[in-house]
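Participant: Build the 3D model from these lines:
(chains A and B)
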Amino acid sequence: MSAASSATARVRIQAQDFDLSAEVAALRCGHAGIGAVCSFIGTVRDRHAATQGVAAVEPVLAMELEHYPGMTEKAIEAMIDEALQRFDIFDVRVIHRIGLLQPMDQIVLVAVASKHRGESFAACEFLMDYLKTQAPFWKKEQTQKGAHWVDARVADDVALARWGISVSNL
Amino acid sequence: MKVEIRYFASIREAVGVAAESVETKADTLAALRDELIALDAPHARALARGRALRMALNQVMCRESVSLQEGAEVAFFPPVTGG
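Facilitator: Next comes the predicted model:
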């Protein structure tokens, strides 16, 4: 992929890290009508959420992210199309990392550009809620006691339902 | 007919393969799941009824009741946990 097509692609699934400033600059490039950019970054925590089968809090040493090549990109593209229908926004970037990540690493970026802040705040949250339960990614945490797949959370289904979308992930 | 099947994450580990091509008489994903469950113990465990399982037909999330077509790409995977 060339640098130019990489900078303009709405969705990127990649092993390498990303730079927020560079991504926002590319999103804003040449759009003088943009008055607001809202971005969200998800990062790897050093402890896992309390889940069934995992008793005490065990430090997370690393996290492995698996995805469904082809479908993941298509699913997120469809979510962006939906966001463009629902909100008065100009453009969106979504980057999601895969492979082996360490605590404190960046995992995901959603950045939305709009005229005014309200629409980009809302669209950014909508996209993250959607991505959490409908984009095919799976996290596996490694601890000193071994590796385990992260459980999906009911709270994430509830978050998506706020937008009038009830497609259960569980 | 022939369909291509993909497995991901914990389901992939339970089945023991990431992908397989199968000859099937199933007309829906539910019927295909039943056929696979009857294959052997790893498939039975991975695709067991009652286990949290999501599926996709030709790379779009779908329900079990959806119809299968020749050459379809079917995927079975656990609830997603990205973001």
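
Participant: Which residues of chain A lie near chain B?
Facilitator: A:42, A:65-68, A:70-71, A:74-75, A:96, A:107-108, A:128, A:131-140, A:149-152, A:167, A:169-170 (C-beta under 8 Å from any C-beta of the partner chain). From N, CA and C alone the C-beta is placed, and that goes for glycine too.

Participant: among those, which are in helices?
Facilitator: Residues of those located in helices (DSSP state H): A:Met71, A:Lys74, A:Ala75, A:Met128, A:Leu131, A:Lys132, A:Thr133, A:Gln134.

Participant: can I get those in CSV with pLDDT and neighbour count?
Facilitator: Shown next, in CSV, are these (pLDDT from 0 to 100; neighbours: other C-beta atoms under 10 Å in any protein chain shown):
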residue, pLDDT, neighbour count
A:Met71, 98, 21
A:Lys74, 97, 16
A:Ala75, 98, 24
A:Met128, 98, 19
A:Leu131, 97, 26
A:Lys132, 96, 23
A:Thr133, 94, 25
A:Gln134, 96, 20
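
Participant: and the gap between B:Ala14 and B:Leu29?
Facilitator: Counting by C-beta to C-beta, to the nearest Å, the separation of B:Ala14 from B:Leu29 is 18 Å.

Participant: Among these two, which residue is more densely surrounded?
Facilitator: Taking other C-beta atoms under 10 Å in any protein chain shown, B:Ala14 and B:Leu29 do not tie; B:Leu29 has more neighbours (22 against 19).

Participant: quick one on the thing from earlier: out of the ones in helices among the residues of chain A next to chain B, the closest to B:Ala75 would be?
Facilitator: A:Met71 (7.2 Å; C-beta to C-beta).

Participant: Identify the bridge partners of the residue of chain A found nearest chain B.
Facilitator: At 2.6 Å from chain B, A:Phe137 is the closest residue in chain A, using C-beta to the nearest C-beta. Beta bridges link A:Phe137 to A:His67, judged by DSSP bridges.
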